[in-house]
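Participant: I need the structure of the sequence given here:
(2 chains)
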Amino acid sequence: MAYLELKNVSLGHGPQGRRTEVLKDVNLAVEENEFVAIIGFSGSGKSTLINLMAGLALPDSGEVTIHGNRVTGPGPDKGIVFQNYSLLPWLTVFGNIELAVSRVFPGMNKSERRDHVMHYIKMVGLSHAVDRRPAALSGGMRQRVSLARTLSIKPDVLLLDEPLSALDALTRSNLQDEILRIWEQDKKTVVLITNDVDEAVLLADRIVPLTVGPGATLAPSIPVDIPRPRNRTELNHLPAFRELKSHTTQLLLSFKKEKLSSTKSLPPAPAIYPADFTLGRPTPGKPRAVAETAA
Amino acid sequence: MSFKYRLLKAIDVAGLQILDPVVRLCYAEEPKVQLKRIGLFIVIPTITFVAFLGLWGYLAPKHTTKSGEVPTPSVVWDAAKGILRFHEREDAKTADFNLTGVRRETELAEVNARMAELEPAAREAAAAVTAAEQAAREKLAADVAPLSEAYREKRREFAAAAKARQAALLEQAATIAAGDADATTAFQRAYAEHEAKSAAEAEIIKKMRDEQKAAENARNPELAAARLASNRIEEELQFLRKRQALLTAENAPLRADELKAKLAADEAALLAATEPAQRLALAKSISTQRDSLAQLEAATYSRPWTLPDQIGRSLRCVFLGFLIASAIAIPLGLLCGLSPVVMAALTPLISLFKPVSPIVWLPIIFIIVGGFIPDPSSSGILDFFNAIPLLGGVGINPAFLASALTVALCSLWPTLVNTALGVAAVDKDHMNVAKVLRLGVWARLFKIIIPSALPLIFAGLRISLGVGWMVLIAAELLSSSEGIGKFVWDMFNNGSSQTFAQMFVVVFVVGVIGLALDRIMIVFQRLVSFDGAPTSL
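Facilitator: Residues are numbered from 1 along each chain as shown, chains lettered A, B, ... in the order given. You can find the predicted model right below:
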């Protein structure tokens, strides 16, 4: 049995009767210590999917299990890194991580806790900004803090919800390398949500494309057979890498096309323009309007 | 960080951004920009203020009221100095009442020396007043005499003329034959002419009379100045005489010593006494003397309220009210923000009571507070408040409590509404963090919700304090609770031009204190706001 499993999961939004299905019959199995990237267009339900895994949302039907246990709510075993960092602005870098650590490991004494927090701050390379507040950090630094906070509570599953999509290209590639390094040092079960094909190919063991919503579901996964440790510059010269990238991109684009062709075309509408009307009083016995058939 | 930036940061946090360009200019940072900012933030406001003072000084004397002329800025400034002098003198008297030993003697010597110095000056001033009065009388006589002479002359003249005209009319009447229509018409015309002349003469007489009155009532600035100088010296002398008394005959320790000596003598006499009746009398006398000694030791100088004292009492009152308001509004606001049920339950009450004026609340609260304190001389509630450090000692009475509660009732709404809003608007992402960490109710409240709502709560507190300060003056005025409001009411009832000016002083005092309170709250607000959001000025 897989470590993290989604079985026939469906979830919709909206009131009864006008409900739109966001996800429909999603099935996924992630093995222990596997790095899976779920890739899809924006608005296709990626965040909803990760909320389901994190327990922040519960499925209408089907079930999510971790290690065979059904997920019924959020908890520190399912560490999530949010797209918009979700740092507490009134706490420092240290304070933000310490809040999580002291909650998850209440048995630690003060110096142990301090060492633990500092270890993760060092891991993401923020030792120089320990006492800064989020407002004084750049976007990339904030996301590092968020990552350190999630790693510090040692979750069973690490869920990354588009963690890098709000960052500029340079910072993003920098943090990608960082995530790669950290994961290769300390393997964990990771689900990464992304809309960046390069990122998915670079980081993941397996790419799972999400079809276009509403009623999105997961397409068959694409294994990434690039040996680790991976290196960005070397990868760019690897034909397999380029092939995989273009294959994934083509696949995603084909979903979009399919969706567009499957949506019903608009019903024909009468071609009436303001110029077709004239002002005047209705004369009895005369029809009010005469339809002319277009030539 | 260099000293410059630390200083600029401190200025910013303290809400004194007005000094920012000055500091930067001192460090020669972009002098042109700084000069422009100084012009904008310091020079222009100063010019406006000076223009305001000028306009005030120009317009005020143009309007005369029952309490004299509307005071000009300089008169108000003198009134402010007068208020301070009165306060300082009362301070001196209060100190004198309990002075002992060498201090008392040196003070007494100083007072005597000053009195000796002032007495000739007082005599001179009194003589100057007498002389000025004499001069004024003479001047008045000189000014008025010709006018009244001319007036009398004119009256006599007009009376004679009227008499002559009447006699002529009578003569004319005698010549008219009965039935002569033309002659009758001519007579009537002559009579009308006579009446018109009389009216014109009366008008001239009235004008002359007014002129004479104006001359009699003309202001004599020399006399006024002499009187003012004399009054000032007399006032100081009176003050010194009172101090002299307080340092000698009325001095508490001195009187206590005397009583103690007498008591010791009586006790010795009682020991030595042989007659039973004598013993009884002495025992009784000792007992009474002991009582009066205890009373004397507990006595303090009965000082009148001065404006600075009243300001202190008003500040205590507003802070008590503000504390009560915060203690009610913050927890209630938290509940409202956390629970839609509580919010729904309280919304009608909040909407209903929020717009009610302090003028309505005060009498109601006054009566209710009075119900809890049937006997102000021995009340547990008053003893409790009087025992609180910093707050007690200003003589907490039912009027004070009623004023404080009115302040609380009127100022709790902004905090309540803002707290509820702040709590209800906690970022969903922050709540997700709490969910993932499975924080308990209290941890959620104290680690996420309250810190996140704190900037809005403080914004509410700032508005509340401002409202409270405005409400307080009205409440004190109505409840006669010693404070700034009571001062205004007393000055209004005095109705002299001096007290009129003192009311103007209060305007500035209230304004400056309100401004300072607001500034303090801005500093707090900035300290708790985490996102560095600028706080409005």
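
Participant: Residue ranges in the chain under the pLDDT threshold?
Facilitator: Looking at chain A here, since you left the chain open. A:1, A:262-268, A:282, A:286-295 (pLDDT under 70).

Participant: Sorry, I should have been clearer: chain B.
Facilitator: For chain B, the ranges with pLDDT under 70 are B:1, B:531-537.

Participant: Spell out which residues of it are next to chain A.
Facilitator: Taking CB under 8 Å from any CB of the partner chain as the measure of proximity, chain B contacts chain A at B:427, B:429-430, B:432-433, B:435-439, B:443, B:447-448, B:451-452, B:454, B:530-532. To be clear about C-beta, it is placed using only N, CA and C from the backbone, and glycine gets the same treatment.

Participant: change it to 7 Å
Facilitator: Within chain B, the positions adjacent to chain A are B:429-430, B:432-433, B:435-439, B:447-448, B:451, B:530-532 by CB under 7 Å from any CB of the partner chain.

Participant: Just the residues you listed: which are in strands?
Facilitator: Judged by DSSP state E, the residues of chain B next to chain A include no members of strands.

Participant: filter those to the buried ones?
Facilitator: Among those, those classed as buried by 16 or more other CB atoms under 10 Å in any protein chain shown are B:His430, B:Asn432, B:Val433, B:Lys435, B:Val436, B:Leu437, B:Leu439, B:Lys447, B:Ile448, B:Pro451, B:Phe530.

Participant: out of those, which one sits closest to A:Gly213?
Facilitator: Nearest to A:Gly213 out of these is B:Asn432 (CB to CB; 21.9 Å).

Participant: Tell me who's in contact with that closest one.
Facilitator: By CB atoms under 7 Å, 6 or more residues apart in numbering or on different chains, the residues touching B:Asn432 are A:Leu56, A:Phe82, A:Ser86.

Participant: what's near enough to touch the first one?
Facilitator: Put plainly, it is A:Leu56. A:Pro74, B:Asn432, B:Lys435.

Participant: quick one: the first one and A:Gly55 touch, right?
Facilitator: Right, A:Pro74. Yes - when contacts are counted by CB atoms under 7 Å, A:Pro74 is listed as touching A:Gly55 (4.2 Å).

Participant: picking that back up, rebuild the contacts of B:Asn432 as CSV, extending it with distance to A:Val124.
Facilitator: Output for those, formatted as CSV (distance: CB to CB, whole Å):
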residue, distance to A:Val124
A:Leu56, 24
A:Phe82, 16
A:Ser86, 16
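
Participant: Now secondary structure and distance to B:Val512 too, for these, in a markdown table please.
Facilitator: Output for these, formatted as a markdown table (DSSP: H, G, I helix; E, B strand; the rest coil; distance: CB to CB, whole Å):
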| residue | secondary structure | distance to B:Val512 |
| --- | --- | --- |
| A:Leu56 | coil | 53 |
| A:Phe82 | coil | 49 |
| A:Ser86 | coil | 45 |
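
Participant: nearest to chain B, of these?
Facilitator: Checking the contacts of B:Asn432 against chain B by CB to the nearest CB gives A:Ser86 as the nearest, at 3.9 Å.

Participant: And that closest one, how far from B:Val436?
Facilitator: Distance, A:Ser86 to B:Val436, by CB to CB, to the nearest Å: 9 Å.
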